[in-house]
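Asks: Fold the stuff below for me.
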Amino acid sequence: MIYKPTMAATALVVASCCFSAAAAAPAKEVRSAPVPAAAQADTPYAAYLRKDVPALTAMAEARDVDAQFNLGVMYERGTGVAQDSAAAVSWYRKAADQGNAPAQNRLGVMYYKGTGVPQDFAAAVSWYRKAADQGNANAQFNLGVMYERGTGVAQDYAAAVSWYRKAADQGDVYAQTNLGLMYDKGRGVPQDYAAAAGWSRKAADQGAAKAQYNLGWMYYIGQGVAQDYVQAHKWFNLGATSGDALAVKNRDLVASKMTPAQIAEAQRLASAWRKK
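Replies: Sure thing, here's the model as predicted:
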């Protein structure tokens, strides 16, 4: 029997954006060309990299928004300074109040988790929305999850799909995975297995284990794609390598239905994918 309780969905991005550190990574200044190290010596990002808390604090107190955000990251992570969630919230808020989207998203995460502030899902939604409206993909994904679950906001699958799509169009693998799930279940959109497979493939091609598992399942049963045990084995194998436990079980079960030549071909395809 194949193991598939449901298609696998990703959960809300918390901590340091769990799957992708983008939301909690230090804010980098956009430059058109590399700048010599000496010229970067007094930038917030350079201070962050060398863990120069006094220099970063001085910049932050002078209302440098990138310094405020980076200092919040350092306090949240305990990098170069004692971990202090309340201090992280304080610096994130200063940057967020100046319109910094990554800080707005992180502040939303802190409210969602109740870290450094009392847990408040409505406040989390509010901060996610501020960042999402600025095009922050992590916040768009987080807001999509809140709408899908009805956490801090009335459940609204169509709104969830809308926010997932905005993040997915920016290449966010977890939004792509969840958008595939919404199409698979017909939540907020007409049920469309081909679209589910298409979005799952986009995420799977970026190495998302859950999407690789989902795509393997689709190939196994021929849902949204032509049934193909070789492709099913390939994607289950890749998902297993990425750490998905169900993919391990299903890869072995699919293998029991395949010839040695088919298994060899699936393994060759998986190996070729890893080398891309």
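Asks: okay, CA-based contacts and neighbour counts for the rest of this
Replies: Noted.
Asks: separation between residue 192 and residue 118?
Replies: Here residue 192 is placed at a distance of 40 Å from residue 118 (C-alpha to C-alpha, to the nearest Å).
Asks: can you pull out the helices in this protein?
Replies: For the chain, the helices defined by DSSP state H occupy 44-49, 53-61, 65-77, 85-97, 101-113, 121-132, 137-149, 157-168, 173-185, 193-204, 209-221, 229-241, 245-255, 260-274.
Asks: got the ones you listed as a markdown table, with mean neighbour count and mean pLDDT columns?
Replies: Converted to a markdown table, the helices of the chain look like this (neighbours: other C-alpha atoms under 10 Å; pLDDT from 0 to 100):
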| stretch | mean neighbour count | mean pLDDT |
| --- | --- | --- |
| helix 44-49 | 20 | 88 |
| helix 53-61 | 18 | 93 |
| helix 65-77 | 27 | 95 |
| helix 85-97 | 23 | 98 |
| helix 101-113 | 28 | 97 |
| helix 121-132 | 23 | 98 |
| helix 137-149 | 28 | 97 |
| helix 157-168 | 23 | 98 |
| helix 173-185 | 28 | 96 |
| helix 193-204 | 23 | 97 |
| helix 209-221 | 28 | 95 |
| helix 229-241 | 27 | 95 |
| helix 245-255 | 19 | 92 |
| helix 260-274 | 15 | 96 |
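Asks: who's in contact with the residue nearest to residue 166 when sequence neighbours are not counted?
Replies: Closest residue to residue 166 apart from its sequence neighbours, by C-alpha to C-alpha, 6 or more residues apart in numbering: residue 140 at 6.7 Å. Counting by C-alpha atoms under 8 Å, 6 or more residues apart in numbering, residue 140 touches 128, 129, 131, 132, 133, 163, 164, 166, 167.
Asks: you'd agree the third one is up against residue 104?
Replies: Think residue 131. Yes - using C-alpha atoms under 8 Å, residue 131 makes contact with residue 104 at a distance of 5.5 Å.
Asks: Tell me the spacing between residue 95 and residue 138.
Replies: Taken as C-alpha to C-alpha, the span from residue 95 to residue 138 is 17 Å.
Asks: residues near residue 153, how many?
Replies: 16 (other C-alpha atoms under 10 Å).
Asks: give the contact list for it.
Replies: Contacts of residue 153 (C-alpha under 8 Å, 6+ apart): 122, 125, 146, 147.
Asks: how many other residues sit next to residue 82?
Replies: Residue 82 - counted by other C-alpha under 10 Å - has 11 other residues nearby.
Asks: Done for today, thanks.
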